[in-house]
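K.L.:
After the sequence you'll find the predicted model.
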Amino acid sequence: MIGGKPIGEAELERLQHQSFSYFLHETNPDNGLVIDKTASEWPASIAATDFALAAYPVAVERGFMPRAAAVKRTLTTLRFFWNSPQGREPDATVFINEVKLTEFNPYGFKATFNATYPVKSSNPYGWVSPWHYGLNQGPITLMIENYRTGLLWQLMRDCPYIVSGLQRAGFGGGWL
């Protein structure tokens, strides 16, 4: 729902496509890494990169990108990690302290918000981040697909490794 109104299929399609387009535009084509936010000179993030990898199959199914392009991007990313030094190097985790208010953007929702943040704002929903975060765009793309088709839950239920792992961890009942 947006503003108390149900979201129709066309709006979901648009929002999902916009959210996914973050990965089309904010991924380094040489290594497959995705920047963590749309700020000048911002570093890539493993979280944003992982969400891009998870969102590529959905994008292929929805026609947001060709299968060959998804395969190329995935292999570029995996080869980069395979050939990178492994060790205890510092990470690129960044804490965001500076914020401004905004609403919709070229990538769909800016999913980082706080309705109780104590600032004066023309936005009735409270504080909304002015940046786009790859960490947010992946879950938006995947959650919309799951809402629309149940694909992710079905894939999880059909995966013998997940089912076996949940059962070995003591989970049971329901769909297990």
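P.N.:
Arrived safely, thanks for sending.
K.L.:
Ramachandran coordinates for the residue positioned nearest the centre of the chain?
P.N.:
Residue closest to the mean C-alpha point of the chain, counted by Cα atoms, centre = their mean, is residue 138 at 1.0 Å. Note on residue 138: its backbone torsions stand at phi -60, psi -50 [degrees, to the nearest 10].
K.L.:
tell me the contacts of the residue lying closest to residue 32 once chain neighbours are set aside?
P.N.:
In space, and not counting its chain neighbours, residue 32 is closest to residue 77: 2.8 Å by Cβ to Cβ, 6 or more residues apart in numbering. The way it works is simple: take the backbone N, C-alpha and C, and place the C-beta from them, glycine included. By Cβ atoms under 8 Å, 6 or more residues apart in numbering, the contact list for residue 77 reads 31, 32, 33, 49, 52, 53.
K.L.:
What separation do you get for residue 77 and residue 41?
P.N.:
To residue 41, residue 77 is 21 Å away according to Cβ to Cβ, to the nearest Å.
K.L.:
circling back to that earlier point, let's see the pLDDT reported for the residue nearest to the centre of the chain.
P.N.:
Per-residue confidence (pLDDT) for residue 138: 77.
K.L.:
Please determine how far it is located from residue 81.
P.N.:
17 Å.
K.L.:
Which of the helices and strands in the protein ranks last by mean pLDDT?
P.N.:
strand 113-114 (a mean of 53; mean pLDDT, DSSP states H and E).
K.L.:
tell me which residues in stretch 8-16 are buried?
P.N.:
For stretch 8-16, burial by neighbour count (16 or more other Cβ atoms under 10 Å) applies to 15, 16.
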